[in-house]
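Colleague: just to be clear, the model below is a prediction. Sequence and coordinates:
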Amino acid sequence: MDIYVFLKSWLGLESYSFDKYIDFVENNFQSTFSEVEEKFKELEKIPEDDPIKEREENHQSFYDHLVDSAIEEHYEYNVFQQRYRYSVIIQLFIFLKLK
């Protein structure tokens, strides 16, 4: 078997596997983002006169706490997603450089 034919088929298999892995992770990101969006939509539906929106003196309401935690979750999700994508670019560069 010619070495170039072998390398071409091996590289094709590796790139196919990498592509499927990226698709899987991106779908996971999308589903997680949908969950976070759903939390925001649920919080928006809470009426103004709901008791969880009542503030005590010098304390935030439970509603404010829920909104803050949803915002933090959204921020953490975005930071993780960006760092993951950077790492994929680095992994791909290293893979191609070593071959």
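Modeller: Arrived safely, thanks for sending.
Colleague: drop to CA atoms for contacts and neighbour counts, all remaining ones
Modeller: OK.
Colleague: if I pick the residue most central in space within the chain, what's in contact with it?
Modeller: Closest to where the C-alpha atoms of the chain average out (Cα atoms, centre = their mean) is F29, at 3.6 Å. By Cα atoms under 8 Å, 6 or more residues apart in numbering, the residues touching F29 are Q81.
Colleague: how about 10 Å then?
Modeller: The contact partners of F29, by Cα atoms under 10 Å, 6 or more residues apart in numbering, come to 23, 35, 77-78, 80-81.
Colleague: mind checking which of those are in helices?
Modeller: 23, 35, 77-78, 80-81 (DSSP state H).
Colleague: CSV for those, including pLDDT?
Modeller: CSV is the format used below for those (pLDDT from 0 to 100):
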residue, pLDDT
D23, 85
E35, 88
Y77, 83
N78, 85
F80, 86
Q81, 86
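Colleague: state the distance from K39 to N78.
Modeller: 16 Å (Cα to Cα, to the nearest Å).
Colleague: do E57 as well
Modeller: 34 Å.
Colleague: looking at the two, which is more packed in?
Modeller: N78 (14 against 7; other Cα atoms under 10 Å).
Colleague: wait, isn't the more buried one in contact with Q30?
Modeller: No: in this structure N78 lies outside contact range of Q30 using Cα atoms under 10 Å: 11.1 Å.
Colleague: OK, contacts around the residue lying closest to K39 once chain neighbours are set aside?
Modeller: What sits nearest to K39 in space, not counting adjacent residues and going by Cα to Cα, 6 or more residues apart in numbering, is A70, at 7.0 Å. Neighbouring residues of A70 by Cα under 10 Å, 6+ apart: 36-37, 39-40, 43, 64, 76.
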